[in-house]
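> sharing a model that was predicted from the sequence below.
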Amino acid sequence: MIPPGAVMRALGFFAATLVLVPLAWGDPWPSIAIPPGNGRALRAPAPRPAPGDIDRRARLLADALRTGAPADIERATAFFLPRDPFLAIKDMSGAAGYFDTLVRWFRRDITRYRERHPWLARSSFVRFELSRACTWMSVGREANRLPYWSCYRSRLVLAHDGREERLESRVMIHWGDQWFCTHLAPRE
């Protein structure tokens with residue numbers, strides 16, 4: 001026979017565990033302002049932002065691709081979507097860990113591009129071409145709680161030895177009036 005208070009204690013422990021689990025596993029909502037173009041209440045696509053300062057940040061990526069220096073690769077992360085906007089956008093358990101994985105992939109992709117394209121060591125930045133193949137991601141798509149524009153297969157244009165080459169930036173998304181990479185090279 002089960003002692004009379006044991007069931008109540010077990011139920012109390014179970015209820016307390018359910019309250020604490022989200023605190024242990026969930027990602028906190030970042031304390032940042034949400035730009036109007038990413039507002040949760042948007043039911044129709046916001047106007048697609050212009051390229052803005054993308055060339056300035058793409059130059060940092062071009063520098064990292066040219067040198068491969070750890071400091072340049074670190075500076076190139078300015079081209080990548082910052083952590084707080086990512087956590088605000090994503091509606092998933094473990095979003096912080098997924099962000100860390102994506103940043104690792106971004107850094108690895110820089111190294112892989114350098115390995116596959118030795119000419120990068122002699123390259124210089126020309127421009128960044130934001131793709132016209134874009135989709136409005138409404139709330140609920142791709143595990144997101146905020147909407148955004150997502151553009152696929154944008155191109156970083158670099159010059160070397162008198163010619164231009166293009167490297168793919170697989171996925172660019174907007175946050176406010178800026179564009180950021182979330183996936184650099186195609187996944188293998």
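Alright, I've got the coordinates. Quick caveat, the model's predicted, so the values are computed rather than measured.
> what sits against R153?
S131, A133, E168, S169, R170 (Cβ atoms under 8 Å, 6 or more residues apart in numbering). C-beta here means a position set from N, CA and C on the backbone, and glycine is covered the same way.
> may I see the buried residues of the helix or strand harbouring it?
Using DSSP states H and E, R153 sits within strand 148-160. For strand 148-160, burial by neighbour count (16 or more other Cβ atoms under 10 Å) applies to Y148, W149, S150, C151, S154, R155, L156, V157, L158, A159, H160.
> can you give me the helices for the protein?
Applying DSSP state H to the chain gives helices spanning 4-25, 54-67, 70-76, 83-89, 95-116.
> about what we covered before: which among the buried residues of strand 148-160 gets closest to G176?
Nearest to G176 out of the buried residues of strand 148-160 is Y148 (Cβ to Cβ; 9.8 Å).
> R66 versus L81, what's the distance?
Remark: distance between L81 and R66 (Cβ to Cβ, to the nearest Å) = 23 Å.
> repeat that for P36.
P36 is 37 Å from R66, by Cβ to Cβ.
> okay, now the sheet partners of the strand holding R153, with direction.
Neighbouring strands of strand 148-160 in its sheet, by DSSP bridges, are strand 124-129 (antiparallel), strand 134-137 (antiparallel), strand 163-175 (antiparallel).
> for I110, which of the ones you listed is the nearest?
Once those are compared by Cβ to Cβ, strand 163-175 is nearest, at 10.1 Å.
> that closest one: which residues count as buried?
E165, L167, E168, S169, R170, V171, M172, I173, H174, W175.
> CA atoms of it as CSV?
Output of strand 163-175 as CSV, limited to C-alpha atoms (Å, rounded to 0.1, in the frame of the first residue of the first chain):
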residue,chain,number,x,y,z
ARG,A,163,38.7,38.4,-63.6
GLU,A,164,35.7,38.3,-61.4
GLU,A,165,34.5,35.3,-59.4
ARG,A,166,31.3,34.8,-57.4
LEU,A,167,31.0,32.8,-54.2
GLU,A,168,27.6,31.9,-52.9
SER,A,169,26.1,33.1,-49.7
ARG,A,170,23.4,30.5,-49.3
VAL,A,171,20.8,32.3,-47.1
MET,A,172,20.5,36.0,-46.2
ILE,A,173,17.8,37.3,-43.9
HIS,A,174,16.8,40.8,-42.9
TRP,A,175,16.6,42.3,-39.5
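> I'd like the distance from it to the chain centre, please.
Offset of strand 163-175 from its chain centre (Cα atoms, centre = their mean, to the nearest Å): 14 Å.
> same question for stretch 166-180.
On Cα atoms, centre = their mean, the centre of stretch 166-180 falls 9 Å from the chain's centre.
> mean confidence for that stretch?
Across stretch 166-180, the average pLDDT comes to 97.
> who has more neighbours, P36 and R66?
R66 (19 against 11; other Cβ atoms under 10 Å).
> show me what contacts that one?
Per Cβ under 8 Å, 6+ apart, neighbours of R66: D72, L120, A121, R122, S123, S124.
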